[in-house]
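Chemist: test case, fold it:
(one chain, ligands or ions: 1)
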Amino acid sequence: MNIQQLIEQIRQKKNYLCVGLDTDITKLPAHLAARPDAVFEFNKAIIDATKDHCVSYKLNTAFYESQGLKGWEAMEKTLHYIPSTHFTIADAKRGDIGNTSSQYAKTFFEVLPFDSVTVAPYMGEDSVRPFLEYENKVTIVLGLTSNKGSNDFQYLKLEQSSTYLFEEVLTKVASWGTPGNLMFVAGATQASQLATIRNIIPDNFLLVPGVGAQGGSLEEVSKYGLNKNAGLLVNASRAIIFASPGEDFAEKAGVVAKEYAEEMRSYLGV
Ligand SMILES: O=C(O)c1cc(=O)[nH]c(=O)n1[C@@H]1O[C@H](COP(=O)(O)O)[C@@H](O)[C@H]1O
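Modeler: Numbers count the residues shown, from 1 in each chain. Purely as a prediction, here's the structure:
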């Protein structure tokens, strides 16, 4: 799915929710945990219960890679189970010298046919370009992240312009691509900066993690982040997929996803 199709899905479904499949095996419900294909079974049930209330799924690859071959297989099966009406994100946060980035791009755009992948921009243009070369795929570059450590570097003031480093990252990276192939991560916990971010990149989609478990406000994010195409994908992982530790985990995930979707509909004004 490309950005235009994502915009169409948001119009149809009237929400901009991304469900994060951060499937931590230590948190699986007891009745599933011992099953040989537990991670996939869990994801399948979550997808069945939430797909009518979201437009996207994000698989944080760390939760799969940490399980070795079995985890990788569960990631692949999950990706193929996600309906083609939903935008898929490999949250892998890659980026390396050019020929290595090309291999990462091949991994997450071809071998695993995700629609998008998250990329860390720290190594500069040649580390991001190999991802942008793919037509109809989307590169999601870290702009201003949701964690406490974002203060360490992203808020450093640049001497020449007195802007923050993250602002320079947004300005420069945006010139490497288009709103059709480039999104940016902006943490929901950084809502006070969203107006600034929107000034720098009015048209790019923002992937906004940090509502739910990290305490970001969906209302604030929507107020400052929405643009004419919605332009937002707001992710919640733990708050949805681990809404209940019991046998009703999928049902409860569906309820929470629906609540987010309904709140989003009110902000879209449709
Ligand atoms: O790139 C991301 O998705 C990301 C960037 C960021 O700044 N903060 C952040 O939390 N994330 C991811 O978003 C998800 C948040 O999960 P929850 O806090 O459980 O909703 C995790 O997969 C994080 O790795």
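Chemist: now do the helices in this protein.
Modeler: Assigned by DSSP state H, the helices in the chain fall at 3-13, 30-33, 38-50, 62-65, 68-81, 98-106, 125-132, 150-153, 165-174, 194-200, 218-225, 238-241, 249-268.
Chemist: with distance to D91 and mean neighbour count added, can I get those in TSV?
Modeler: Using the backbone N, CA and C atoms, a C-beta is placed for each residue, glycine as well. Below are these laid out as TSV (distance: least, CB to CB, whole Å; neighbours: other CB atoms under 10 Å):
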stretch	distance to D91	mean neighbour count
helix 3-13	16	17
helix 30-33	23	12
helix 38-50	14	20
helix 62-65	8	18
helix 68-81	11	16
helix 98-106	13	15
helix 125-132	14	20
helix 150-153	16	12
helix 165-174	18	18
helix 194-200	19	17
helix 218-225	18	20
helix 238-241	14	22
helix 249-268	18	18
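Chemist: need those helices in a markdown table (columns: mean pLDDT and distance to the ligand).
Modeler: Formatted as a markdown table, the helices of the chain follow (pLDDT from 0 to 100; distance: least, CB to the nearest ligand atom, whole Å):
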| stretch | mean pLDDT | distance to the ligand |
| --- | --- | --- |
| helix 3-13 | 97 | 16 |
| helix 30-33 | 94 | 19 |
| helix 38-50 | 98 | 13 |
| helix 62-65 | 98 | 7 |
| helix 68-81 | 98 | 13 |
| helix 98-106 | 98 | 15 |
| helix 125-132 | 98 | 14 |
| helix 150-153 | 95 | 7 |
| helix 165-174 | 97 | 11 |
| helix 194-200 | 96 | 13 |
| helix 218-225 | 96 | 12 |
| helix 238-241 | 98 | 3 |
| helix 249-268 | 98 | 11 |
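Chemist: out of these, the one nearest V141 is which?
Modeler: Among the helices of the chain, helix 165-174 comes nearest to V141, with 5.1 Å by CB to CB.
Chemist: kindly export the closest one (C-alpha atoms) in PDB.
Modeler: Only the C-alpha atoms of helix 165-174 are listed here, as PDB (Å, rounded to 0.1, in the frame of the first residue of the first chain):
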ATOM      1  CA  LEU A 165      19.100  19.500  16.000                       C
ATOM      2  CA  PHE A 166      15.800  17.700  15.400                       C
ATOM      3  CA  GLU A 167      14.600  20.700  13.400                       C
ATOM      4  CA  GLU A 168      17.600  20.500  11.100                       C
ATOM      5  CA  VAL A 169      17.100  16.800  10.700                       C
ATOM      6  CA  LEU A 170      13.500  17.300   9.600                       C
ATOM      7  CA  THR A 171      14.400  20.200   7.200                       C
ATOM      8  CA  LYS A 172      17.300  18.300   5.600                       C
ATOM      9  CA  VAL A 173      15.800  14.800   5.400                       C
ATOM     10  CA  ALA A 174      12.600  16.200   3.900                       C
END
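Chemist: residues in contact with it?
Modeler: Helix 165-174 is touched from outside by 121, 125, 128, 141-144, 150, 153-158, 161, 182, 184, 193, 196-197, 200-201, 204, with contacts defined as CB atoms under 8 Å, 6 or more residues apart in numbering.
Chemist: tell me how far it lies from the chain's centre.
Modeler: Between the centre of helix 165-174 and the centre of its chain there are 19 Å (CA atoms, centre = their mean, to the nearest Å).
Chemist: now swap in stretch 177-189 and tell me
Modeler: With CA atoms, centre = their mean, you get 10 Å for stretch 177-189.
Chemist: can you check stretch 262-270 too?
Modeler: Remark: stretch 262-270 is offset 20 Å from the chain centroid, using CA atoms, centre = their mean.
Chemist: what's it in contact with?
Modeler: 14-17, 218-219, 222-223, 226, 230, 234.
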